[in-house]
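Chemist: With the sequence up front, the predicted model follows.
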Amino acid sequence: MIMTSLQTAPAAGFAPAFEPPVIRSANAADSQWIDELQAIAFGPGRFSRTAFRIRERFPIDPTMSLVAECEGVPCGSVWMTPISVDGLNGYLLGPLATHPNFRKRGAGKALARTAMQMAMERADGTFVLLVGDQDYYCPLGFTTTTRGAIQFPGPVDPDRVLLYADDPTLAARLAGPIAAFKR
Ligand SMILES: CC(C)(COP(=O)(O)OP(=O)(O)OC[C@H]1O[C@@H](n2cnc3c(N)ncnc32)[C@H](O)[C@@H]1OP(=O)(O)O)[C@@H](O)C(=O)NCCC(=O)NCCS
């Protein structure tokens with residue numbers, strides 16, 4: 001059953017028991033609603049965001065695009081873009097978005113965790129980079145980077161440039177412009 005914003009909120013003390021979200025690969029049939037989801041989540045200004053500019057230069061890896069479903073209904077999405085910094089291959093995570101009707105059910109974190117795991121299991125992936133809120137991503141294992149060290153093709157808030165890597169020293173020392181993934 002699709003929850004809508006018109007449904008009555010549950011009585012205090014009776015939290016709805018939701019099934020955990022299911023994460024699956026995205027397919028061609030998902031393209032339109034993912035586009036609509038990103039428009040809802042990020043608004044019309046999304047195309048001017050620096051992270052979107054990176055994806056204009058370097059295409060996403062469709063084999064790493066994931067969808068979250070709640071009760072069989074697609075509700076969230078994440079993309080991964082292969083990149084490199086200072087000769088090291090990694091992935092840019094994002095956009096990550098959950099439809100407002102399905103938020104706070106674990107879909108966003110499940111998508112991020114699965115994407116992080118896929119990236120690190122690939123022999124060519126050393127890190128996952130993103131621009132996002134520390135409060136959301138640091139509990140997942142992301143850490144802050146050296147301010148201004150990783151150069152984006154546009155303005156970013158350096159406090160929001162976060163990195164996940166097996167090597168705990170990498171976030172502090174990774175530096176240079178975001179470049180193409182080295183094949
Ligand atoms: C951020 C977003 C993906 C989270 O999706 P979600 O499926 O609700 O996430 P989860 O259910 O895994 O986690 C929800 C928890 O994270 C918290 N949270 C959500 N956004 C947060 C943020 N920006 N900073 C800190 N905490 C945040 C929620 O309050 C909630 O806390 P609770 O568990 O204590 O109630 C979703 O709110 C969204 O699409 N936002 C708009 C787009 C966006 O900002 N994307 C992230 C940047 S790439």
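Modeler: Noted; the coordinates are in hand.
Chemist: Now do stretch 128-147, average pLDDT.
Modeler: Averaged across stretch 128-147, the pLDDT comes to 98.
Chemist: That stretch and the ligand, are they touching?
Modeler: Yes. Contact of stretch 128-147 with the ligand is found when judged by C-beta under 6 Å from any ligand atom, involving 132-133, 135-136. Just so you know, the C-beta spots here come from the backbone N, C-alpha and C atoms, and that holds for glycine as well.
Chemist: Now L37: which helix or strand?
Modeler: According to DSSP states H and E, L37 maps onto helix 31-42.
Chemist: Ok, P95 next?
Modeler: Using DSSP H and E, P95 sits within strand 88-98.
Chemist: And the helix or strand following that strand, what's buried?
Modeler: Tracing the chain past strand 88-98, the next element assigned as helix or strand by DSSP H and E is helix 107-121. Buried residues in helix 107-121, defined by neighbour count with 16 or more other C-beta atoms under 10 Å: 107-112, 114-116, 118-120.
Chemist: Quick check: which of those are also close to the ligand?
Modeler: If you filter these for contact with the ligand, counting by C-beta under 6 Å from any ligand atom, you are left with 107-109.
Chemist: Give me the contacts around the helix holding L37.
Modeler: Applying C-beta atoms under 8 Å, 6 or more residues apart in numbering, the external contacts of helix 31-42 come out as 26, 46, 49, 65, 67, 74, 76-77, 95, 97-100.
Chemist: Find out how far it is from the centre of the chain, if you would.
Modeler: For helix 31-42, the distance from its own C-alpha centre to the chain's C-alpha centre is 14 Å (C-alpha atoms, centre = their mean, to the nearest Å).
Chemist: Can you name the residues of this structure that neighbour the ligand?
Modeler: For the chain, the residues in contact with the ligand under the definition C-beta under 6 Å from any ligand atom are 41-42, 76, 94-98, 103-109, 132-133, 135-136.
Chemist: again, 5 Å this time
Modeler: Contact residues of the chain with respect to the ligand, defined by C-beta under 5 Å from any ligand atom, are listed as 41, 94, 96-98, 103-104, 106-109, 132-133, 135-136.
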